[in-house]
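[1] the following comprises the amino acid sequence and a computationally predicted model.
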Amino acid sequence: MVIEFDEKGKYFTEVITKNVVLSHIQTQTYHIRGYIHVRKDERLSDEVNAENSFIPVTNAEVYSSEGEILYTCNFMVVNRAHIVWLMPIEKQEKSE
């Protein structure tokens, strides 16, 4: 990895820091649960509306329409054209 500094001490690197967002992704055929990586200071919708054709997903689980796990993998890409809907999974708090 190369780190460069300017005259003021600001550094530049090839690493892009991202937040991971646990999400549900529904395609016409499958339901996918996994992490989408979103650049800092951007929203999940910004990542979905980006120009590239595929969304990288990590720690993915692919479910059938009946809810059975068909596949699990550490990394996959999903073609944006096949996404019907996508939403983040919010941590649910227990109500008393």
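    Thanks, I have it. This is a predicted model, so every value here is computed, not measured. Residues are numbered from 1 along each chain as shown.
[2] mind telling me what element the most centrally placed residue in the chain is part of?
    Central residue of the chain (C-alpha atoms, centre = their mean): Ile36, 0.9 Å from the mean position. Ile36 is part of strand 31-39 when elements are defined by DSSP states H and E.
[3] C-terminal to that strand, what's the next element?
    Next along the chain after strand 31-39, taking DSSP H and E as the criterion, comes helix 44-48.
[4] pretty sure Ile55 contacts Met76?
    No - with contact defined as C-beta atoms under 8 Å, Ile55 does not count as touching Met76 (9.4 Å). Bear in mind the C-beta positions are built from the backbone N, C-alpha and C, glycine included.
[5] these two: who's more crowded?
    Neighbours per residue, other C-beta atoms under 10 Å: of Ile55 and Met76, the larger number sits with Ile55, 21 against 17.
[6] before we move on, back to that, put the alpha carbons of the strand holding Ile36 into CSV.
    The C-alpha atoms that make up strand 31-39 are tabulated as CSV, following Å, rounded to 0.1, in the frame of the first residue of the first chain:
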residue,chain,number,x,y,z
HIS,A,31,-34.0,-13.0,-1.2
ILE,A,32,-30.4,-12.1,-0.2
ARG,A,33,-29.3,-11.0,3.3
GLY,A,34,-25.8,-9.6,3.6
TYR,A,35,-23.6,-6.5,4.1
ILE,A,36,-23.4,-3.7,1.6
HIS,A,37,-20.4,-1.4,2.0
VAL,A,38,-21.2,2.3,1.8
ARG,A,39,-18.6,5.1,1.6
